[in-house]
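K.L.:
Turn this into a structure:
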Amino acid sequence: MIPRRKPGRLDDVRSNGWLDAMKSSSPPSRKVQKESGIEDFSDDAKGVYSSWMFKYPSALSSFQQIVSHAKNKKIVIFLDYDGTLSPIVDDPDRAFISADMRSAVRDVANHFPTAIISGRSRDKVYQLVGLAELYYAGSHGMDIMVPIRNELCTNGSFIKCTDQQGKEVNLFQPAREFLPMIDEVYRILVNKTKEVEGAIVENHKFCASVHYRNVDENCWPALAQCVHDVLKGYPRLRQTHGRKVLEIRPIIDWDKGKAVEFLLESLGFRNSHDVLPIYIGDDRTDEDAFMVLRGRYQGYGILVSAVPKESNAIFSLRDTSEVQEFLGSLAETMENQEIYEMEEGDGTKGIL
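P.N.:
Just a heads-up that it's a prediction; the model follows:
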């Protein structure tokens, strides 16, 4: 049930493009996302998809090109979570990573620095993934955990604490002052949307999310207007779009791209010629990271998508199964090279 609104009250979300953005950011139907690929497409759609694949070739078929470009460089892996390591599901709390995917991520992390950058809270992502060897950045990179030895940030947002294993770590939280505001907005949104059947509101610590995946599409305008009305009272917050989710964030100059840059520097890669960063993600929020890799670092953005859409990425993967295959290939290639170098006895550390 949606609370009744006065005529004309939906003009805001229609005129500011929210409704168009909500539709364009919605994931494809389950039929299109089937692992069988594009055989469900019409002939015209297959042609469009083939053209799109020419522009964004598969990272699997381009694997040797990626490996060749990594010669004499250190690979650093960045991963989104939802839609990348875990399939998109109706209930966000049930977006579990499979045992095989967890194993693939662990194998990659044994060879390369690996970070997960998610819109979820950092604690929630760690709970879902459960791998201590990774770096975690939650709330779209507004909550980053790095080793204590890295002290690149000296402002008030930088704090020391202990991780889940009791080790000292640095937390970089550029939006820390917004915590009380996000909590307040979260509570208001829970109350305002409780009559919207299917709506789910989540508190991701430095941002809040309103999921409309299970909301009837006819009710999207009223739900969007509800969120819009709440944000009118919080000019320091902004709303962005994800895959069937409205995300409320602080208005600060920070995004997943900035988080990638911060993590690369914290890992000691100030010289962009020494590193090949690879970022795999499926959402609009990952585009900022793709753009960063296209610039200074000359890295590779890999878009996870079963349907054509414009992106700042260079390569593509169709779904989470292909992500797992790609990560497995990286780990296997590194293991084979290390075996070869041990047999050769050159004493060097294997780098692709």
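K.L.:
what's the single longest helix in this structure?
P.N.:
For the chain, the helix with the greatest residue count under DSSP state H is helix 320-344.
K.L.:
So what's the gap between it and the chain middle?
P.N.:
Distance of helix 320-344 from its chain centroid, counting by C-alpha atoms, centre = their mean, to the nearest Å, is 24 Å.
K.L.:
likewise stretch 251-263?
P.N.:
Its chain's C-alpha centre and that of stretch 251-263 lie 12 Å apart, by C-alpha atoms, centre = their mean.
K.L.:
Which parts of this structure are helices?
P.N.:
Taking DSSP H as the criterion, the chain carries its helices at 11-15, 18-24, 30-33, 43-55, 63-69, 99-109, 122-129, 179-192, 220-231, 256-266, 287-294, 320-344.
K.L.:
Quick one: mean pLDDT over the fifth one.
P.N.:
Per-residue confidence for helix 63-69 averages out to 94 on the pLDDT scale.
K.L.:
Scan the helices and strands of this protein for the one with the lowest mean pLDDT.
P.N.:
Least confident element among the helices and strands of the chain, by mean pLDDT, DSSP states H and E: helix 30-33 (a mean of 44).
K.L.:
Next one: residue 184 from residue 254, what distance?
P.N.:
With distances taken as C-beta to C-beta, to the nearest Å, residue 184 is found 20 Å from residue 254. No exception for glycine: its C-beta is placed from N, CA and C like everyone else's.
K.L.:
what does residue 146 give?
P.N.:
Taking C-beta to C-beta, one finds residue 146 at 15 Å from residue 254.
K.L.:
do the same with residue 262
P.N.:
Residue 262 is 9 Å from residue 254, by C-beta to C-beta.
K.L.:
Identify the contacts common to those two.
P.N.:
Counting by C-beta atoms under 8 Å, 6 or more residues apart in numbering, the residues touching both residue 262 and residue 254 are residue 141.
K.L.:
Got the domain ranges for this protein?
P.N.:
When the chain is parsed with the TED database, its domains come out as 57-145+254-341, 178-250.
K.L.:
Nearest to residue 171 among the ones you listed would be which one?
P.N.:
Among the domains of the chain, domain 57-145+254-341 comes nearest to residue 171, with 5.8 Å by C-beta to C-beta.
K.L.:
from the chain's centre, how far out does that closest one sit?
P.N.:
Distance of domain 57-145+254-341 from the chain centroid (C-alpha atoms, centre = their mean) equals 9 Å.
K.L.:
if we can go back for a sec, can you say which of the domains of the chain is nearest to residue 13?
P.N.:
Distance to residue 13, taken as C-beta to C-beta, is lowest for domain 178-250 among the domains of the chain, at 4.2 Å.
K.L.:
Help me confirm that residue 144 comes into contact with residue 262.
P.N.:
Yes - counting by C-beta atoms under 8 Å, residue 144 touches residue 262, with 6.3 Å between them.
K.L.:
Looking at the two, which has the bigger crowd around it?
P.N.:
Neighbour count, other C-beta atoms under 10 Å: between residue 144 and residue 262, residue 144 has more, with 27 against 20.
K.L.:
residue contacts, residue 79?
P.N.:
85, 105, 114, 115, 116, 117, 279, 280, 281.
K.L.:
got JSON lines for those, with distance to residue 295 and pLDDT too?
P.N.:
JSON lines is the format used below for those (distance: C-beta to C-beta, whole Å; pLDDT from 0 to 100):
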{"residue": "85", "distance to residue 295": "25", "pLDDT": "98"}
{"residue": "105", "distance to residue 295": "26", "pLDDT": "98"}
{"residue": "114", "distance to residue 295": "22", "pLDDT": "96"}
{"residue": "115", "distance to residue 295": "19", "pLDDT": "96"}
{"residue": "116", "distance to residue 295": "22", "pLDDT": "97"}
{"residue": "117", "distance to residue 295": "17", "pLDDT": "98"}
{"residue": "279", "distance to residue 295": "12", "pLDDT": "98"}
{"residue": "280", "distance to residue 295": "18", "pLDDT": "98"}
{"residue": "281", "distance to residue 295": "17", "pLDDT": "97"}
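K.L.:
residues touching the residue lying closest to residue 224 once chain neighbours are set aside, list them.
P.N.:
Take residue 224 and drop its neighbours on the chain: the residue closest to it by C-beta to C-beta, 6 or more residues apart in numbering is residue 13, 4.2 Å away. For residue 13, the contact set (C-beta under 8 Å, 6+ apart) comprises 19, 221, 224, 225, 228.
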